[in-house]
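1. pasting the sequence and the predicted model now:
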Number of protein chains: 2
Amino acid sequence: MTLMTKPIDFTDDYLAYLLARSSHLVSEQFHRQIQAQGWSTNYWRILASLSDVGALTLTQLNQRVLFKQPTLSKLVVKMEAEQLLVRHKHDADKRSVKISISAMGRTLVADLLAQAKAHEAKVLEDYSEEQQQLLKSMLRGLVVHLQE
Amino acid sequence: MTLMTKPIDFTDDYLAYLLARSSHLVSEQFHRQIQAQGWSTNYWRILASLSDVGALTLTQLNQRVLFKQPTLSKLVVKMEAEQLLVRHKHDADKRSVKISISAMGRTLVADLLAQAKAHEAKVLEDYSEEQQQLLKSMLRGLVVHLQE
DNA sequence: AGTAGTTGTATTCGTTTTCATATAAAAAAG
DNA sequence: CTTTTTTATATGAAAACGAATACAACTACT
């Protein structure tokens, strides 16, 4: 199992495409797995993002889930009705809405997180621990770099 | 400029998220740039994919652009009407449609390709040549690995 | 304070996307 | 050869999306 390969044509040497393609390939199977259980991938992204933290404003959450603002705005209202999360007024700024995961949401996401980890382990099973860490580390570096 | 970073929470150590996030960040500016010129990112992806090769069937093209089949099917009809590409019957298999870029499409994509390269250079300007190659090489390896 | 500009979220409405399915052709099975 | 199954693309109805905008609250000036 080698990490090294050579480019062939434009797309093979174009970072944006390599990222889009690998992202797509990594996520696609897992998304099908989630959908087979009746959950949308948007729900998964939102809940996973909320599971890490206390409470986020809509804008903050949106920076994590990478949707368009109107999309998230609607989803979050829907998910509150389904008791997967809670929307509360932000005391300091009356415009903004703070969002936090609910108990029910936490139960669901715990299950999905376990599945996600299992899926990732399978995806990376042929990579050594060092290779896995190098890959992830480089991507984290890229993200940090691009956010300034 | 270092490539190495440490994970903090789940998403920071989850490959699918790191890929989605970095992909999003890398593409977002460039997509805005394209849209400012009146072109959709879908057109860009399709034309860039076709520019590399002679002719592809719809299915083959779809594997590159990562859309859903009905989406590409409709886009391609529209783009043929706009003379950006040509759809021809595949002789060997009468079900399939071969798609190739037109002269007008080639003119447009040449311009966009140049912009894409310039944008990528800017994104990676703080990385050494070795780091750039390592990053791309690892992503190519991942893509190959995931496609079996 | 009063005004102008900015920011955070919601909503509307036209467009795009997609699920499900249809159709037609090729391949496999019988 | 039929018949069945699989594969390639198209299409239509329904859902999702997103650009533009509205609105309300905050910030910065004067």
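-> Sure, I can see it. Numbers count the residues shown, from 1 in each chain, chains lettered A, B, ... in the order given.

2. is it true that residue A:53 lies in a helix?
-> No. Counting by DSSP: H, G, I helix; E, B strand; the rest coil, residue A:53 is located in no helix; its state is coil.

3. for it, what are its contacts?
-> residue B:9 (C-beta atoms under 8 Å, 6 or more residues apart in numbering or on different chains). (C-beta placed from N, C-alpha, C; glycine too.)

4. one more pass at 10 Å, please.
-> A:60-61, A:64, A:99-101, B:9, B:11 (C-beta atoms under 10 Å, 6 or more residues apart in numbering or on different chains).

5. now do the phi/psi pair for it.
-> Here is the backbone geometry of residue A:53 (degrees, to the nearest 10): phi -130, psi 170.

6. about what we covered before: so which of the contacts of residue A:53 comes closest to residue A:134?
-> For those, the closest approach to residue A:134 (C-beta to C-beta) belongs to residue B:11, at 18.7 Å.

7. count the neighbours of the closest one for me.
-> 19 (other C-beta atoms under 10 Å in any protein chain shown).

8. so the residue positioned nearest the centre of chain A versus DNA strand D, what's the distance?
-> Taking C-alpha atoms, centre = their mean, the centroid of chain A lies closest to residue A:45, which sits 4.5 Å from it. For residue A:45, the distance to DNA strand D (C-beta to the nearest atom of the strand, to the nearest Å) stands at 10 Å.

9. output the host helix or strand of that residue as PDB - backbone C-alpha positions only.
-> Assignment of secondary structure by DSSP states H and E places residue A:45 within helix A:41-51. Output of helix A:41-51 as PDB, limited to C-alpha atoms (Å, rounded to 0.1, in the frame of the first residue of the first chain):
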ATOM      1  CA  THR A  41     -27.100  13.100   5.500                       C
ATOM      2  CA  ASN A  42     -27.900  16.700   6.400                       C
ATOM      3  CA  TYR A  43     -29.200  15.600   9.700                       C
ATOM      4  CA  TRP A  44     -26.100  13.600  10.300                       C
ATOM      5  CA  ARG A  45     -23.800  16.600   9.500                       C
ATOM      6  CA  ILE A  46     -25.800  18.900  11.800                       C
ATOM      7  CA  LEU A  47     -26.000  16.500  14.700                       C
ATOM      8  CA  ALA A  48     -22.300  15.500  14.400                       C
ATOM      9  CA  SER A  49     -21.300  19.200  14.400                       C
ATOM     10  CA  LEU A  50     -23.500  19.900  17.500                       C
ATOM     11  CA  SER A  51     -22.300  16.800  19.400                       C
END
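
10. can you spell out which helices and strands pack onto the next helix or strand after it?
-> Next in sequence after helix A:41-51, counting helices and strands by DSSP H and E, comes strand A:56-57. Applying 3 or more C-beta pairs under 10 Å, 6 or more residues apart in numbering or on different chains; DSSP states H and E, we find strand A:56-57 packed against helix A:58-65, strand A:97-101.

11. leaving out chain neighbours, which residue sits closest to residue A:66?
-> Leaving aside its sequence neighbours, residue A:66 sits nearest to residue B:24 (C-beta to C-beta, 6 or more residues apart in numbering or on different chains; 4.8 Å).

12. got the contact list for the one you found?
-> A:19-20, A:23, A:66, A:143, A:146, B:31.

13. for chain A, give me the ranges with low pLDDT.
-> Applying pLDDT under 70 to chain A picks out residues A:1-8.

14. re the thing from before, the closest residue to the residue nearest to the centre of chain A other than its chain neighbours: neighbour count?
-> Counting by C-beta to C-beta, 6+ apart, residue A:65 is the residue found nearest to residue A:45 once chain neighbours are left out, at 4.8 Å. Residues within reach of residue A:65, counting by other C-beta under 10 Å, total 22.

15. same thing with residue A:27?
-> Residues near residue A:27, counting by other C-beta under 10 Å: 21.

16. and it, how far from residue A:116?
-> 10 Å (C-beta to C-beta, to the nearest Å).

17. quick one, which of the contacts of residue A:53 are buried?
-> For those, a neighbour count by 16 or more other C-beta atoms under 10 Å in any protein chain shown gives the buried set as A:61, A:64, A:99-101, B:11.

18. identify the contacts common to residue A:27 and residue A:116.
-> What both residue A:27 and residue A:116 touch, as defined by C-beta under 10 Å, 6+ apart, is the set A:34, A:44, B:15-17.

19. which helices and strands sit right next to the strand or helix carrying residue A:119?
-> Assigned by DSSP H and E, residue A:119 belongs to helix A:103-123. Packing partners of helix A:103-123 (3+ C-beta pairs under 10 Å, 6+ apart): helix A:15-36, helix A:41-51, strand A:85-89, strand A:97-101, helix A:129-146, helix B:15-36, helix B:129-146.

20. try it again with 8 Å
-> helix A:15-36, helix A:41-51, helix B:15-36 (3 or more C-beta pairs under 8 Å, 6 or more residues apart in numbering or on different chains; DSSP states H and E).
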